[in-house]
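J.: could you look at this predicted model? Sequence included:
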Amino acid sequence: MKQGKFSVFLILLLMLTLVVAPKEKAEAASSGWQPVSGISGCKIRVITDAYTYTKSATSIDAYAETNGKCGKLNYKSFGVSIVEGGDIGPQYSGYFSSRTPTKKFYFSKLPKPTGTPWAVGLSVYKGKAKGAAFVYINPQKR
């Protein structure tokens, strides 16, 4: 009888472990806060949905945000680039005060990764004030 109760206990413990155990998920990447020169206290950053993109990933999802001390900023060249290689894929422009809409950069519309790091980022401006933020990412070869 003790062996039966012990087996039930082990099965319940295993089930609980599977339910409670954290699932592996992609960790968001951030450029960290970058100052915008010419606007006191203004900082921006770019966030992507991961640092490393596996072969099964279909897109890079990214947005930019301010620390709330910038007012309305214009942005240009929000896109993906190969580090030391230039822009690839679509480049977006617009304006934002707190956060840009999330941009999706589909791997099907980008060159095949070769192992060279990529960057996702944008340039901002407001009058003569300027700034930029970039996240370095690692897309796996496809």
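T.: Nice, I can see it. Numbering: from 1, shown residues only.
J.: show me the contacts for the spatially most central residue of the chain.
T.: Nearest residue to the geometric centre of the chain (CA atoms, centre = their mean): residue 48, 0.6 Å. Residues near residue 48 by CB atoms under 8 Å, 6 or more residues apart in numbering: 28-30, 60-62, 120, 135, 137. (Glycine included, C-beta is placed from N, CA and C.)
J.: among those, name the ones in strands.
T.: 29-30, 60-62, 120, 135, 137 (DSSP state E).
J.: do a quick rundown of the helices in the protein.
T.: 2-20 (DSSP state H).
J.: strands of that one, start to end?
T.: 29-30, 34-35, 43-48, 52-53, 59-66, 73-82, 86-96, 103-106, 118-126, 129-139.
J.: mind checking which of those strands is nearest residue 112?
T.: Closest approach to residue 112 among the strands of the chain (CB to CB): strand 129-139, 9.0 Å.
J.: save the strands of the chain as CSV, and put in distance to residue 112 and mean pLDDT too.
T.: Listed next are those as CSV, based on distance: least, CB to CB, whole Å; pLDDT from 0 to 100:
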stretch, distance to residue 112, mean pLDDT
strand 29-30, 21, 96
strand 34-35, 30, 98
strand 43-48, 19, 98
strand 52-53, 12, 94
strand 59-66, 14, 98
strand 73-82, 11, 96
strand 86-96, 11, 95
strand 103-106, 13, 97
strand 118-126, 12, 97
strand 129-139, 9, 96
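J.: just the buried residues out of the contacts of residue 48, in ChimeraX syntax.
T.: In ChimeraX, a selection of the buried entries from those looks like this (16 or more other CB atoms under 10 Å):
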select :29,60,61,62,120,135,137
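J.: looking at the contacts of residue 48, which is nearest residue 89?
T.: Of the contacts of residue 48, the one sitting nearest to residue 89 (CB to CB) turns out to be residue 60, at 9.0 Å.
J.: measure the closest one to residue 69 for me?
T.: 28 Å (CB to CB, to the nearest Å).
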